[in-house]
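Undergrad: Pasting the sequence and the predicted model now:
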Amino acid sequence: MSIVKIKNVTKRFDDKLVLDNISFEVYEGEIFGFIGPNGAGKSTLINIITSLLSPDSGEIKICGYDIVNESIRAKENIGYVPQDLALLEGLTAFDNLEFFGALYGLKGKLLKERINEALEISGLTEKKKEKVKKFSGGMKRRLNIAIGILNHPKVLILDEPTVGIDPQSRNHIFTFIKRISKEWGTTVIYTSHYMEEVEELCNRVFIIDLGQEIAYGTKNEIKNSVSSNNKISIELEKVSGEVILDLREIKGILNVLDKENEIILTIDKDFKIGNALSVLENRNIDIKKISYEEVKLEDIFLTLTGKSLRD
């Protein structure tokens, strides 16, 4: 079931076209990757989704509510965690949650329950009485996200949630995101400059560049849409020219690269590892190591846009 529907959204700033007829849907309970290089139009679309900006044309619905004509009802279902920290550093973690919870309209017993829940999920229960100014960058990020889920949003937008944090806090955030998606059914729209994070967390992805759709679908659909291929590396006791020629004749092997005592096979979907192993066995060549390298989303992104994600 689609919980976020974006249809033909266009936005200009003066004569500059920032979003060009953007459309996609996000399903209930999924972690959806929304990625693109700097200046691609990501922030503009997020600002429109959260009604900080209005589209020039097109339609956005959150849980069936139009973000322009039914703005209040739509925003009741959204949690937004911006890239820039929004915290009161002179207050404790608990006091920050209490303050922002009150802005959501929470009070009394329910507010305290939500605060304790957010502290537990973000791993900050033992730090709740400490002032935020003493927190590490990672702890501040986790508290920022904890504030974003106080109202139990059906849609949580996370904009670069792991920028400048330590690996431990990054793992906390990943566990946190997977947990609310699985246990609460929360839909997460995740933006990041770290493609490996999108690879780990998201199944479906929308890639935007210069305000236009570059690719949209599951990771496998996107990978299969371009001519990028997986690789297998085989480390051998020795490599001969005859072996290279034999391997090049095997169906599914597109290229064979000889690197001293290692061969790297570029393969497609027709490749069967048994055929390559039979060639090596027939030549009495001992295999020391085999490793498989699947094409990465980062490689696909570079192929599609001609630039890295951080450009």
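TA: That came through, no problem. Residues are numbered from 1 along each chain as shown.
Undergrad: and the residue nearest to Y190 when sequence neighbours are not counted, how many neighbours?
TA: Excluding the flanking residues, the one nearest Y190 by Cβ to Cβ, 6 or more residues apart in numbering is L158, at 5.2 Å. For glycine as for every other residue, the C-beta is placed from the backbone atoms N, C-alpha and C. When neighbours are counted by other Cβ atoms under 10 Å, L158 registers 25.
Undergrad: Name the residues linked to L158 by a beta bridge.
TA: Following DSSP bridges, L158 is listed with bridge partners V81, Y190.
Undergrad: And for S233?
TA: Applying DSSP bridges, one finds that S233 bridges with I264, S291.
Undergrad: and it, what is it in contact with?
TA: S233 makes contacts with 262-265, 289-293, as judged by Cβ atoms under 8 Å, 6 or more residues apart in numbering.
Undergrad: okay, who's weakest in the residues you listed by pLDDT?
TA: Minimum pLDDT for the contacts of S233 is recorded at E293 (76).
Undergrad: dump the residue contacts of that one.
TA: Neighbours of E293 in contact, by Cβ under 8 Å, 6+ apart: 230-233.
Undergrad: PyMOL command for the buried members of those residues?
TA: Remark: buried members of the contacts of E293, expressed as a PyMOL selection using 16 or more other Cβ atoms under 10 Å:
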select buried, resi 230+231+232
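Undergrad: I234 touches I287, doesn't it?
TA: Yes. I234 is within contact range of I287, at 6.2 Å (criterion: Cβ atoms under 8 Å).
Undergrad: which neighbours do these two share?
TA: Common neighbours of I234 and I287 (Cβ under 8 Å, 6+ apart) are L280.
Undergrad: how many other residues sit next to the residue nearest to Q212 when sequence neighbours are not counted?
TA: Excluding its sequence neighbours, the residue lying closest to Q212 (Cβ to Cβ, 6+ apart) is D20, at 4.8 Å. By other Cβ under 10 Å, the residues close to D20 number 16.
Undergrad: Enumerate every residue touching D20.
TA: By Cβ under 8 Å, 6+ apart, D20 lies in contact with 10, 211-212.
Undergrad: For the helix or strand of the chain with the lowest mean pLDDT, enumerate the helices and strands it packs against.
TA: Sorting the helices and strands of the chain by mean pLDDT, DSSP states H and E puts helix 297-305 at the bottom, at a mean of 74. Packing partners of helix 297-305 (3 or more Cβ pairs under 8 Å, 6 or more residues apart in numbering; DSSP states H and E): helix 195-201, strand 204-209, strand 212-218, helix 219-224.
Undergrad: and those, which one is worst for confidence?
TA: Per-stretch mean pLDDT for these is lowest at helix 219-224 (a mean of 83).
Undergrad: quick one, domains of this protein?
TA: The chain breaks down into these domains under automatic domain parsing: 2-224, 230-294.
Undergrad: what's the straight distance from one end of the longest one to the other?
TA: Using Cα to Cα, to the nearest Å, the end-to-end distance of domain 2-224 comes to 24 Å.
Undergrad: How about the last one?
TA: With Cα to Cα as the measure, the first residue of domain 230-294 is 5 Å from its last.
Undergrad: Off-centre distance for it?
TA: 34 Å (Cα atoms, centre = their mean, to the nearest Å).
Undergrad: Please enumerate the helices of the stretch 51-200 of the chain.
TA: With helices called from DSSP state H, counting those that start in this stretch, the stretch 51-200 of the chain shows them at 71-75, 93-103, 108-121, 137-148, 167-179, 195-201.
Undergrad: from those, which stretch is densest packed?
TA: helix 137-148 (a mean of 22; mean count of other Cβ atoms under 10 Å).
Undergrad: what sits up against that one?
TA: The set of residues external to helix 137-148 that reach it, using Cβ under 8 Å, 6+ apart, is 79-81, 85-87, 93, 96-97, 100, 118-119, 121-124, 127, 132, 135, 156, 158, 161-166, 168-170, 172-173, 176.
Undergrad: Identify the residue nearest the residue nearest the centre of the chain in space, chain neighbours excluded?
TA: Centroid-nearest residue in the chain: V198, 3.0 Å away (criterion: Cα atoms, centre = their mean). Among residues not flanking V198 along the chain, G33 sits closest, at 4.2 Å (Cβ to Cβ, 6+ apart).
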